[in-house]
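K.L.:
okay, structure incoming, though there's no sequence with it:
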């Protein structure tokens, strides 16, 4: 039943997190960067599930994770809306070009 | 019935209030002098009555109002009634009264007529208060008040730049001495715990609380105030410039009363000086030096008022010399007679200036036949100042010379020689003035058409002239107190030593020297050799230095302009560039740091993420290096 050890889950989550981070850092397209953020969020979700199962032996954490995924969907919608507005203002979604806040 | 002495200073104060509130503008300002004269006449009457009641040589306090108590220190407002204050009250009231009467004529038609008498009443009030005060602090208040009035009256014609700057000079220069005076008063109060003269004299000093060092320091500090006020070397430079004020002001404030306040202060605190021989020696030396220096400078002046101003400085030095050698009575006696004849001389000068509209004696001459009363009273004043028998100055000057001769100070024969030289110089410059002004023939058209001043001006001249003639008799019999002045002021003082041969020898010496001075002046007059040019020929070099006031004013100017001003410029540069530069530097540095740090804000979210990433990694590495236990601690499942 408990065939897969905790470490594996953690390694998966770490891999996912790093891939997401890489995406966030390297993608010049805003939507690509947003996708990277989603991956990092889901890596955290996997960690939550794995630790809960490890410490409590139950799967109740699925409730929280489902809520998080729902909220993340809403957040993604907001993010896409922001990008859409950015595109309308700057006529580009290249994050290198969006540097109005440069000091 | 005891005389309410406290009322004496308050009456002129009431006059000041009424004049200041009601009589400053033209229609009512005519009443101003009469109000003041009324108040002064009442004060004079009171002070003469008070004099009769003062027992010789002892003092008591009149009305004392406790103003406030701070810790052990009491601040009092009260009057001290003793022979010294009694004498001074009467002298100040009398001279002030005569000068106010004279002012009616002299100041007629001046702009600010009411203001003039308002200031004069405030001054008289302050001077009387200064004289009557029963403690050091109260004396100091009035001391500053007379200084203020002096400032206001020197600058009476404040639209004239010379008058305005002379007023400032007087105020600033006397301030140097006053700082010392204040420190001295505070020193005494701190050590003795009281400001009160009687307590200081009879309780504190005999108990030996002060100690020799503190007594000497306090006496010298108080003397520094007197040096400023009485225009002693080296703070004498303000007095000749103070002649920019109206002449009656010069007569009252800068000859008869206020400048004598320094001598009065030393006399008032004489118990301190008597306990500090070193301080007395300083007083004597400064006095002798001032007397000689000012008498020499007086020879080189051509402005009638400046000659009299330097003469005043010289005579004040004489009084200081007398006090310094222990001639307490001699100093105060000379103060009294000097108040009469110097006020007289200034009023005569005012009368002359009124007639010829110039201060320069080179532009006068031959006024004797045109202004006979002024000329004769001025001659009486000059004889009194020169010390010719039987005029007032003869008696007091002789007392001083005798006191110097018999003193026990080291080197008192040198001081006696200096004093005798001053007698010669005094007689010479005074008769140079008189001959150039009144004798010979007029040197200008204005002098040719001069005529005598009105009776309101010559009246006071006559009274003061009479006092200059008979004032010396006060020594023998002081009318209000029915005893001689020396018995009245200091009944317990030991009679002066010396045989009658020495006594008459001293008198003969001073008389001969004075007559020699007059004789030289007379010879100079006969040969037309009294003018600046001919004097400069007969005294090459020396005369020029007298004319330039022995370069003392130049030395001050050099010091202020070259050293002080350069110093202030350096300080200003330091302030502007170093102190201010430091403040500016902080602002500049903050700005530059902002400009530098600004580059960190790239505006690119991805860059921030990288920074966060590396920061977290760095934190983890540091924590690992510090031995933080990473790795999971497995918790048993419940």
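P.N.:
Alright, I've got the coordinates. Quick caveat: nothing in here was measured; it's all calculated off a predicted structure.

K.L.:
only C-alpha atoms from now on, for both contacts and neighbour counts.
P.N.:
Will do.

K.L.:
quick one, phi/psi of the residue in chain B that chain A sits nearest to?
P.N.:
Taking CA to the nearest CA, chain A has its nearest neighbour within chain B at residue B:603, 3.9 Å off. Dihedral angles of residue B:603 (phi, psi; degrees, to the nearest 10) stand at phi 80, psi 0.

K.L.:
count of neighbours near it?
P.N.:
Residue B:603 sits with 18 neighbouring residues when counted by other CA atoms under 10 Å in any protein chain shown.

K.L.:
grab the nearest non-local neighbour of it.
P.N.:
Leaving aside its sequence neighbours, residue B:603 sits nearest to residue A:102 (CA to CA, 6 or more residues apart in numbering or on different chains; 3.9 Å).

K.L.:
in chain A, which residue is closest to the centre?
P.N.:
residue A:38 (2.4 Å; CA atoms, centre = their mean).

K.L.:
contact partners for the residue of chain B closest to chain A?
P.N.:
Residue B:603 sits next to A:98-103 when contact means CA atoms under 8 Å, 6 or more residues apart in numbering or on different chains.

K.L.:
state the pLDDT value of it.
P.N.:
pLDDT, residue B:603: 80.

K.L.:
with the one 3 residues further on instead?
P.N.:
Residue B:606 is assigned 84 on the pLDDT scale.

K.L.:
check which helix or strand covers it.
P.N.:
helix B:605-625 (DSSP states H and E).

K.L.:
and that helix, what does it pack onto?
P.N.:
Applying 3 or more CA pairs under 8 Å, 6 or more residues apart in numbering or on different chains; DSSP states H and E, one finds that helix B:605-625 makes contact with helix A:6-26.

K.L.:
and whatever helix or strand comes next after the helix it packs on with chain B, contact?
P.N.:
Proceeding N to C from helix A:6-26, the next assigned helix or strand is helix A:30-56, under DSSP H and E. Yes. Contact of helix A:30-56 with chain B (CA under 8 Å from any CA of the partner chain) involves A:54-56.

K.L.:
what are the buried residues along whichever helix or strand comes after helix A:30-56?
P.N.:
As assigned by DSSP H and E, the chain's next helix or strand after helix A:30-56 is helix A:61-90. Neighbour-count burial for helix A:61-90 flags A:61-62, A:65, A:72, A:76, A:79, A:83-84, A:86 (criterion: 16 or more other CA atoms under 10 Å in any protein chain shown).

K.L.:
helices or strands next to helix A:61-90 in the packing?
P.N.:
Using 3+ CA pairs under 8 Å, 6+ apart: helix A:61-90 touches helix A:30-56.

K.L.:
what average pLDDT does the helix it packs on get?
P.N.:
On average, helix A:30-56 scores 90.

K.L.:
so when I look at the residue nearest to residue B:603, I'm seeing a helix, right?
P.N.:
No. With DSSP: H, G, I helix; E, B strand; the rest coil as the criterion, residue A:102 is coil rather than part of a helix.

K.L.:
can I assume it is in contact with residue B:602?
P.N.:
Yes. Contact criterion CA atoms under 8 Å: residue A:102 and residue B:602 qualify, at 4.5 Å.

K.L.:
what about those two, which has more around it?
P.N.:
In this view residue A:102 and residue B:602 are compared by other CA under 10 Å, and residue B:602 has more residues nearby, 16 against 12.

K.L.:
against residue B:170, how distant is that one?
P.N.:
Noted for residue B:602: a distance of 70 Å to residue B:170, by CA to CA, to the nearest Å.

K.L.:
what residues does stretch A:39-58 touch?
P.N.:
A:6, A:9-10, A:12-14, A:16-21, A:59-62, A:65, B:635-638.

K.L.:
how about 6 Å then?
P.N.:
A:13, A:16-17, A:20, A:59, A:61, B:637 (CA atoms under 6 Å, 6 or more residues apart in numbering or on different chains).

K.L.:
filter these down to the buried ones and hand me the ChimeraX line.
P.N.:
Command for ChimeraX, covering only those of these found buried under the criterion 16+ other CA under 10 Å:
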select /A:13,16,17,20,61
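
K.L.:
farthest-apart pair in the contacts of stretch A:39-58, please.
P.N.:
A:20 and B:637 (32.1 Å; CA to CA).

K.L.:
mean confidence score for the strand ranked longest in chain B?
P.N.:
Counting residues, the longest strand found in chain B (DSSP state E) is strand B:60-70. With pLDDT averaged residue by residue, strand B:60-70 scores 82.

K.L.:
and whichever helix or strand comes after that strand with strand B:60-70, angle?
P.N.:
Downstream of strand B:60-70, the first helix or strand assigned by DSSP H and E is strand B:73-81. On the basis of axes from the mean of the first three to the mean of the last three CA atoms, to 10 degrees, strand B:73-81 is oriented at 160 degrees to strand B:60-70.

K.L.:
report all helices and strands that strand B:73-81 contacts.
P.N.:
Judged by 3 or more CA pairs under 6 Å, 6 or more residues apart in numbering or on different chains; DSSP states H and E, strand B:73-81 is in contact with strand B:60-70.

K.L.:
partners of the strand it packs on in the sheet?
P.N.:
strand B:73-81 (antiparallel) (DSSP bridges).
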